[in-house]
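Chemist: build me a structure from this.
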Amino acid sequence: MNDSISPIRDASSANPWRFCVAPMLDWTDRHYRFLARQLSEHARLYTEMVTTGALLHGDVERHLRFDEAEHPVALQLGGSDPRALAEAARIGADWGYDEINLNVGCPSDRVQNGAFGACLMAEPALVAECIAAMRETVDVPVTVKSRIGIDHQETYEEFREFVDIVADRGGAEVFIVHSRKAWLKGLSPKQNRDIPPLRPEFASRLKRERPDLTVVLNGGLTTVESMRAALGEVDGVMVGRAAYQNVGLLAEIDAALFGDTTPVDRLAALRAYRDYVAAEVERGTRLPTLVKPILTLFQGRPGARAYRRHLSEQAPKRPDDPRVIDEAIDQLG
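Modeler: Sure, this is the predicted structure:
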């Protein structure tokens with residue numbers, strides 16, 4: 001890939017999907033997203049996957065509540081019934097989400113048992129019907145996050161056929177492409193994150209052949225350099241594990257990919273998050289949940305180990321005391 005691309009100079013003209021943080025179960029909750037927004041003004045943030053059943057028959061507020069600071073923020077839905085997805089999309093749009101994304105990539109047994117997620121790669125006509133139903137219901141963008149194939153689907157031509165059907169019949173215009181296929185039988189979800197080889201060339205070829213579509217590459221992007229290289233061939237990049245294994249990486253994004261000249265102060269971001277934590281504790285949220293996103297914020301910096309140890313040890317002991325964060329800050333060199 002071309003690694004000579006320069007950051008854009010006018011962030012207001014950037015493709016809205018230029019940099020995205022992937023939807024990740026047990027990670028991209030509203031607390032993580034609030035922190036992420038303190039570190040990057042331009043990142044597009046995604047919720048954990050929410051099933052249609054959880055919205056239509058469960059606690060909507062628990063699943064959808066978010067802070068206004070998070071915008072732009074997208075709701076990822078899991079489901080395969082067009083009418084249920086349309087209604088769930090309407091609820092999400094009414095709550096103020098900027099995008100509705102359909103999960104066509106998760107390989108977990110629970111998702112397979114519900115006949116959605118990655119297994120929908122085998123049913124492009126149904127995916128198209130789902131996308132069309134959602135697009136008819138909401139005014140915000142409806143997007144697709146897919147794999148490049150499942151099980152014995154090996155070729156680019158099979159992947160391209162899936163995209164063509166979903167785009168041409170369903171009206172999808174934005175495809176977030178996780179560049180590994182998924183083995184639905186024989187590999188665990190964890191193994192599916194590493195064992196099937198990455199094939200980023202599927203996304204770049206798709207962009208060349210379907211320039212009318214917005215193509216976002218997901219998978220294997222762990223450094224700013226790899227993201228900048230990918231942006232020479234696709235419209236956007238989406239980062240998953242790297243965005244929580246080293247959440248401080250997000251502090252580099254606005255300068256490297258959007259041309260912002262003001263450096264992000266991680267300590268200032270943490271102090272803003274600390275105020276958020278204090279308000280959440282008052283609402284009854286426990287500190288261990290709230291410190292989880294900030295554990296890797298200073299990874300590789302002086303005092304980071306002592307900082308992380310203090311948070312890990314003290315938050316469970318004092319679950320309603322935000323001063324634990326102040327004390328952790330004091331551990332930084």
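Chemist: show me what secondary structure element comes after the worst-scoring helix or strand of the chain on mean pLDDT.
Modeler: When each helix and strand of the chain is scored by mean pLDDT, DSSP states H and E, helix 109-113 comes last, with a mean of 63. Next in sequence after helix 109-113, counting helices and strands by DSSP states H and E, comes helix 124-137.
Chemist: which strands and helices lie in contact with whichever helix or strand comes after that next one?
Modeler: Using DSSP H and E, the helix or strand that follows helix 124-137 in sequence is strand 142-146. Where contact means 3 or more CB pairs under 8 Å, 6 or more residues apart in numbering; DSSP states H and E, strand 142-146 is packed against strand 99-104, helix 124-137, helix 156-170, strand 174-178. In short, each C-beta sits where N, CA and C put it, glycine included.
Chemist: mean neighbour count for those - can I get that in CSV?
Modeler: Listed next are these as CSV, based on neighbours: other CB atoms under 10 Å:
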stretch, mean neighbour count
strand 99-104, 26
helix 124-137, 21
helix 156-170, 18
strand 174-178, 25
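Chemist: mean pLDDT and distance to residue 46 added to the ones you listed, as JSON lines?
Modeler: Shown next, in JSON lines, are these (pLDDT from 0 to 100; distance: least, CB to CB, whole Å):
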{"stretch": "strand 99-104", "mean pLDDT": "97", "distance to residue 46": "7"}
{"stretch": "helix 124-137", "mean pLDDT": "98", "distance to residue 46": "16"}
{"stretch": "helix 156-170", "mean pLDDT": "98", "distance to residue 46": "19"}
{"stretch": "strand 174-178", "mean pLDDT": "98", "distance to residue 46": "9"}
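Chemist: so how far is the helix or strand harbouring residue 205 from its chain's centroid?
Modeler: Per DSSP H and E: residue 205 is located in helix 201-209. Relative to its chain's centre, helix 201-209 lies at 21 Å (CA atoms, centre = their mean, to the nearest Å).
Chemist: just stretch 298-318 next, same as before
Modeler: Using CA atoms, centre = their mean, the offset of stretch 298-318 from its chain centre is 25 Å.
Chemist: tell me which residues in that stretch are buried?
Modeler: 298, 304, 307-308, 310-311, 314-315 (16 or more other CB atoms under 10 Å).
Chemist: closest one of those residues to residue 59?
Modeler: residue 315 (25.0 Å; CB to CB).
Chemist: what does the strand or helix carrying that closest one contact?
Modeler: In the assignment (DSSP H and E), residue 315 maps to helix 304-317. Residues outside helix 304-317 that contact it (CB atoms under 8 Å, 6 or more residues apart in numbering) are 287-288, 290-291, 294-296, 298, 324-325, 327-329, 331-332.
Chemist: now with 7 Å, please.
Modeler: 287-288, 291, 295, 298, 324, 327-328, 331-332 (CB atoms under 7 Å, 6 or more residues apart in numbering).
Chemist: which ones are touching residue 138?
Modeler: Per CB under 7 Å, 6+ apart, neighbours of residue 138: 89-90, 93, 100.
Chemist: just the buried residues out of those residues, in PyMOL syntax.
Modeler: Typed into PyMOL, the line below selects the buried ones among the contacts of residue 138, using 16+ other CB under 10 Å:
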select buried, resi 89+93+100
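Chemist: now the two most distant members of the contacts of residue 138.
Modeler: With CB to CB as the measure, no two of the contacts of residue 138 lie farther apart than 90 and 100, at 9.2 Å.
Chemist: and residue 143, how many residues sit next to it?
Modeler: 23 (other CB atoms under 10 Å).
Chemist: that one is in contact with residue 176, isn't it?
Modeler: Yes - counting by CB atoms under 7 Å, residue 176 is a contact partner of residue 143 at 6.5 Å.
Chemist: for the stretch 151-300 of the chain, what spans make up the strands?
Modeler: 174-178, 214-218, 236-239 (DSSP state E, counting those that start in this stretch).
Chemist: quick one: contacts of the second one?
Modeler: In other words, strand 214-218. 15, 17, 20, 22, 173-179, 200, 203, 206-207, 230, 234-238, 240.
Chemist: just the buried ones from those residues?
Modeler: Those of the contacts of strand 214-218 that meet the buried threshold are 17, 20, 22, 174-179, 200, 203, 206-207, 230, 234-238, 240, by 16+ other CB under 10 Å.
Chemist: tell me how far stretch 88-107 lies from the chain's centre.
Modeler: For stretch 88-107, the distance to the chain centre is 12 Å (CA atoms, centre = their mean).
Chemist: on that earlier part again, wait, which of the helices and strands packed on strand 142-146 is closest to residue 196?
Modeler: Per CB to CB, nearest to residue 196 of the helices and strands packed on strand 142-146: strand 174-178, 10.0 Å.
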